[in-house]
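Engineer: Sharing a model that was predicted from the sequence below.
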Amino acid sequence: MLVAGRIEDYALIGDMQTAALVGRDGSADWLCLPRFDSHAVFSALLGTEEHGFWRLGPAYGRDAEPPQATRRRYKGDSLILEQEWDTPRGTVRVTDFMPPRDGAPQLVRIVEGVSGRVPMRSALRMRFSFGWVVPWVHKVGERTVAVAGPDSVWLDTPADTYGEELTTYSDFTVGPGERIGMAISWEPSHKGAPPVAEAEEALSATEEFWRDWVGQCNYHGPYREAVVRSLITLKALTYAPTGGIVAAPTTSLPEEIGGSRNWDYRYTWLRDAAITLSSLLRTGYREEARAWREWLLRAVAGDPQNLQIMYGIAGERELGETELDWLPGYENSRPVRIGNGAASQLQLDVYGEVTEALHLAHMTGLARNDHANLLLLKLIRYLEDHWDEPDEGIWEVRGPRRHFVHSKVMAWVAVDRAVKLIESGEVDGPLDRWRELRDDIHRTVCERGYDKERNTFTQSFGSKELDASLLLIPQMGFLPPDDKRVIGTVEAIQRELSTPDGFILRYPTAGDEPGVDGLRGDEGAFLACSFWLADDLAMIGRVEEARRLFERLLALRNDVGLLAEEWDPKLKRQVGNFPQAFSHVPLIDTALRLTASGAYGG
């Protein structure tokens with residue numbers, strides 16, 4: 001029974017409403033329809049082919065492994081994936097994409113003969129409800145449709161199809177220059193059939209969309225390829241109808257292979273979305289910032305005192321966490337979870353990230369929005385009364401609440417940016433009172449969150465543990481980079497949280513015992529934290545060291561430029577949900593900083 005490939009063996013395609021992961025063997029092993037957070041119709045990523053997939057590639061024997069693509073790439077600066085196989089009978093190319101939609105979601109695949117005559121096979125096994133439900137598959141004219149409950153998926157192809165072992169197959173041969181389009185489209189089952197996909201027209205429209213969008217990028221530095229690929233990935237994680245941004249398009253890809261640190265990331269974290277917007281704004285993308293600001297106003301509504309750390313992509317608040325016990329999990333990493341119980345946590349740092357994003361929107365010329373300004377004022381009034389409470393922190397610990405230093409620093413950021421907006425005349429607020437509040441938070445952090453003996457800030461008040469989120473202290477302007485406490489913290493994190501290859505852990509874990517986060521098990525190096533270290537090294541004057549670390553991090557990307565959440569230093573592979581916005585955002589940020597400093601190779 002075939003199972004999923006390595007996480008980095010997948011490439012992303014999407015339409016800004018959902019996304020699919022396609023492996024090197026031409027198999028689409030993950031796709032939720034019609035939205036990022038819908039039930040999956042292909043779930044082989046978290047199980048086996050029994051749970052749904054669509055493989056398209058050169059034909060192979062029943063007892064053989066499907067051949068891996070000889071090479072693959074995105075077509076220019078787009079989200080159109082091209083994979084090529086060199087076979088004994090010739091070379092064939094498969095182009096996969098999801099056209100930005102104004103109707104039914106579609107996954108389109110075009111087979112093109114390059115040389116020789118290559119026998120091909122399409123194997124389509126649709127399983128609704130994350131691999132649980134076998135649909136009724138039948139013909140409607142020349143189309144094949146799979147129906148189960150509220151969902152229907154329609155297959156359109158000029159190739160003959162037949163059913164066998166609850167799978168829809170097509171066998172055909174392509175010669176030089178021949179092109180055969182295939183597509184699936186989703187439609188609510190109570191409605192009529194969606195329009196037949198026009199593969200070539202859809203390809204042209206998709207190319208034009210990405211060409212126009214990438215053309216807005218104002219970064220032209222030495223790391224442009226990596227930056228543009230990251231920007232495209234972030235755009236792909238944006239839910240176009242609302243402006244919400246998912247943290248990743250997947251659930252339950254493990255932070256430790258075989259472990260239980262498996263979470264659903266198909267939602268909009270305020271933190272992740274806010275830092276994503278910061279990167280987009282600084283590279284020329286203001287429309288996304290405007291759309292996210294409107295999403296934020298709808299999601300928070302008139303209730304900022306009950307601000308959640310995450311919402312559904314349309315602003316939904318109920319994200320109840322459940323486990324899918326019929327799925328064995330990625331490489332037997334259980335449980336498989338949908339929903340996320342951390343939605344109800346208190347994480348004070350999100351007030352800082354949201355306020356920073358709103359401040360940056362103002363600084364980059366986004367049109368004034370009085371409702372956004374009113375929300376900002378309400379958020380700071382809430383912090384006045386609650387900033388000194390313990391919380392679960394940036395890493396969503398499932399143990400006791402603590403006075404996390406990063407949370408207090410970001411509370412300071414929130415008040416500082418509000419003060420700056422008041423000083424600029426953008427908003428009206430109690431300037432003197434909030435200046436005093438800003439000073440109180442700063443003084444408290446420096447007194448209670450700093451270990452004088454070790455010359456480092458610590459994870460929480462009174463603790464001896466370190467935390468990589470402390471690397472954000474100079475980046476947020478809490479202290480200047482040349483402050484001895486900043487330099488001491490950077491050096492302590494390098495000393496105590498580095499893996500043997502120089503990447504950074506979030507914080508210490510305890511293996512079989514519950515760690516500081518209340519969870520058993522370990523995890524890989526957290527890629528965002530490793531980029532933060534590169535930023536800090538540049539800021540404190542160790543620019544060449546920063547460049548070397550940054551370029552080692554770039555080398556961790558897979559062959560099409562994508563990063564998961566973490567890097568396993570023992571197994572030398574990517575782990576965690578994929579691709580991860582929280583990894584691609586700091587990649588962009590560090591590239592911008594190094595470019596500004598003139599620190600780059602070549």
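Structural biologist: Happy to help now that I have it.
Engineer: Could you identify the longest helix within the protein?
Structural biologist: Criterion DSSP state H: the longest helix present in the chain is helix 405-424.
Engineer: Pull out the buried positions in the helix or strand following it.
Structural biologist: Once the chain leaves helix 405-424, the next helix or strand it forms, by DSSP states H and E, is helix 431-448. Within helix 431-448, the residues that count as buried by 16 or more other C-beta atoms under 10 Å are Trp434, Leu437, Arg438, Ile441, His442, Thr444, Val445. Backbone N, C-alpha and C define where each C-beta goes, glycine included.
Engineer: where does the chain have low pLDDT?
Structural biologist: By pLDDT under 70, the low-scoring segments of the chain are 1-2, 510-521, 599-602.
Engineer: need the helices for it, in chain order.
Structural biologist: 128-131, 199-214, 224-236, 270-282, 286-300, 349-363, 370-386, 405-424, 431-448, 472-475, 484-496, 527-539, 543-554, 581-597.
Engineer: Pick the most deeply packed of the ones you listed.
Structural biologist: Sort those by mean neighbour count, taking mean count of other C-beta atoms under 10 Å, and helix 527-539 sits at the top with a mean of 26.
Engineer: from the chain's centre, how far out does that helix sit?
Structural biologist: A distance of 19 Å separates the centroid of the chain from that of helix 527-539, by C-alpha atoms, centre = their mean, to the nearest Å.
Engineer: Next: stretch 553-562.
Structural biologist: Using C-alpha atoms, centre = their mean, the offset of stretch 553-562 from its chain centre is 14 Å.
Engineer: Quick one: end-to-end length of it, please.
Structural biologist: 11 Å (C-alpha to C-alpha, to the nearest Å).
Engineer: ok, now stretch 92-101?
Structural biologist: 28 Å.
Engineer: and if you look at stretch 10-22?
Structural biologist: Using C-alpha to C-alpha, the two ends of stretch 10-22 sit 5 Å apart.
Engineer: follow-up on the earlier one: which other helices and strands does the longest helix of the chain contact?
Structural biologist: On a contact count with 3 or more C-beta pairs under 8 Å, 6 or more residues apart in numbering; DSSP states H and E, helix 405-424 meets helix 349-363, helix 370-386, helix 431-448, helix 472-475.
Engineer: Now tabulate these in TSV and tack on distance to Ala411.
Structural biologist: As requested, the helices and strands packed on helix 405-424 are exported to TSV (distance: least, C-beta to C-beta, whole Å):
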stretch	distance to Ala411
helix 349-363	6
helix 370-386	5
helix 431-448	6
helix 472-475	13
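Engineer: Tell me which of these approaches Lys408 most closely.
Structural biologist: Minimum separation from Lys408 across those (C-beta to C-beta) falls at helix 431-448, 4.8 Å.
Engineer: The closest one versus helix 405-424: what angle between them?
Structural biologist: Here the directions of helix 431-448 and helix 405-424 differ by 160 degrees (axes from the mean of the first three to the mean of the last three C-alpha atoms, to 10 degrees).
Engineer: who does helix 431-448 touch, helix- and strand-wise?
Structural biologist: helix 370-386, helix 405-424.
Engineer: Now with 7 Å, please.
Structural biologist: helix 405-424 (3 or more C-beta pairs under 7 Å, 6 or more residues apart in numbering; DSSP states H and E).
Engineer: tell me the angle of the helix it packs on relative to helix 349-363?
Structural biologist: 30 degrees.
Engineer: What distance do you get for Asp349 to Ala146?
Structural biologist: Using C-beta to C-beta, to the nearest Å, we find Asp349 at a distance of 44 Å from Ala146.
Engineer: scratch that, Ala367
Structural biologist: Taking C-beta to C-beta, one finds Ala367 at 46 Å from Ala146.
Engineer: same thing with Arg454?
Structural biologist: 61 Å.
Engineer: Comparing the two, which residue is more hemmed in?
Structural biologist: Using other C-beta atoms under 10 Å, the more surrounded residue of Arg454 and Ala146 is Ala146, with 23 against 15.
Engineer: Can you name the residues that contact the nearest residue to the more buried one once chain neighbours are set aside?
Structural biologist: With sequence-adjacent residues excluded and distances taken as C-beta to C-beta, 6 or more residues apart in numbering, Ala146 is closest to Pro135, at 3.9 Å. By C-beta atoms under 7 Å, 6 or more residues apart in numbering, Pro135 lies in contact with Met126, Phe128, Ala146, Val147, Ala148.
Engineer: need those in TSV with distance to Leu296, can you?
Structural biologist: Shown next, in TSV, are those (distance: C-beta to C-beta, whole Å):
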residue	distance to Leu296
Met126	36
Phe128	33
Ala146	37
Val147	37
Ala148	35
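Engineer: From the chain's centroid, how far away is stretch 273-287?
Structural biologist: 15 Å.
Engineer: Equivalent analysis for stretch 573-590, please.
Structural biologist: The mean C-alpha position of stretch 573-590 is separated from the chain mean by 7 Å, C-alpha atoms, centre = their mean.
Engineer: Check stretch 459-479 too.
Structural biologist: Worked out by C-alpha atoms, centre = their mean, stretch 459-479 lies 24 Å from the chain centre.
Engineer: Going by neighbour count, list what's buried in it.
Structural biologist: 459-461, 463, 466-474, 476, 478-479.
Engineer: now, among the contacts of Pro135, which is nearest to Pro67?
Structural biologist: Met126 (23.2 Å).
Engineer: Now do the closest one against Val145, distance only.
Structural biologist: Taking C-beta to C-beta, one finds Met126 at 10 Å from Val145.
Engineer: neighbour-wise, which of these two wins?
Structural biologist: Met126 (29 against 22).
Engineer: about what we covered before: could you tell me the angle between the longest helix of the chain and helix 370-386?
Structural biologist: Using the same axes, to 10 degrees, helix 405-424 lies at 130 degrees relative to helix 370-386.
Engineer: what's the angle from helix 405-424 to helix 484-496?
Structural biologist: 140 degrees.
Engineer: now helix 405-424: how far from the chain's centre is it?
Structural biologist: With C-alpha atoms, centre = their mean, you get 26 Å for helix 405-424.
Engineer: got the angle for it vs helix 270-282?
Structural biologist: Going by the same axes, to 10 degrees, helix 405-424 makes 50 degrees with helix 270-282.
Engineer: Alpha carbons only: can I get helix 405-424 in PDB?
Structural biologist: Listed next in PDB are the C-alpha coordinates belonging to helix 405-424 (Å, rounded to 0.1, in the frame of the first residue of the first chain):
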ATOM      1  CA  VAL A 405       8.600  37.900  28.400                       C
ATOM      2  CA  HIS A 406       7.700  37.900  24.700                       C
ATOM      3  CA  SER A 407       4.100  38.600  25.500                       C
ATOM      4  CA  LYS A 408       5.000  41.600  27.700                       C
ATOM      5  CA  VAL A 409       7.400  42.900  25.000                       C
ATOM      6  CA  MET A 410       4.600  42.700  22.400                       C
ATOM      7  CA  ALA A 411       2.200  44.400  24.800                       C
ATOM      8  CA  TRP A 412       4.800  47.200  24.900                       C
ATOM      9  CA  VAL A 413       4.900  47.200  21.100                       C
ATOM     10  CA  ALA A 414       1.100  47.600  21.000                       C
ATOM     11  CA  VAL A 415       1.200  50.700  23.300                       C
ATOM     12  CA  ASP A 416       4.200  52.100  21.600                       C
ATOM     13  CA  ARG A 417       2.700  52.000  18.200                       C
ATOM     14  CA  ALA A 418      -0.600  53.500  19.500                       C
ATOM     15  CA  VAL A 419       1.400  56.300  21.100                       C
ATOM     16  CA  LYS A 420       3.200  56.900  17.700                       C
ATOM     17  CA  LEU A 421      -0.200  57.000  15.900                       C
ATOM     18  CA  ILE A 422      -1.500  59.500  18.400                       C
ATOM     19  CA  GLU A 423       1.600  61.600  18.100                       C
ATOM     20  CA  SER A 424       1.200  61.600  14.300                       C
END
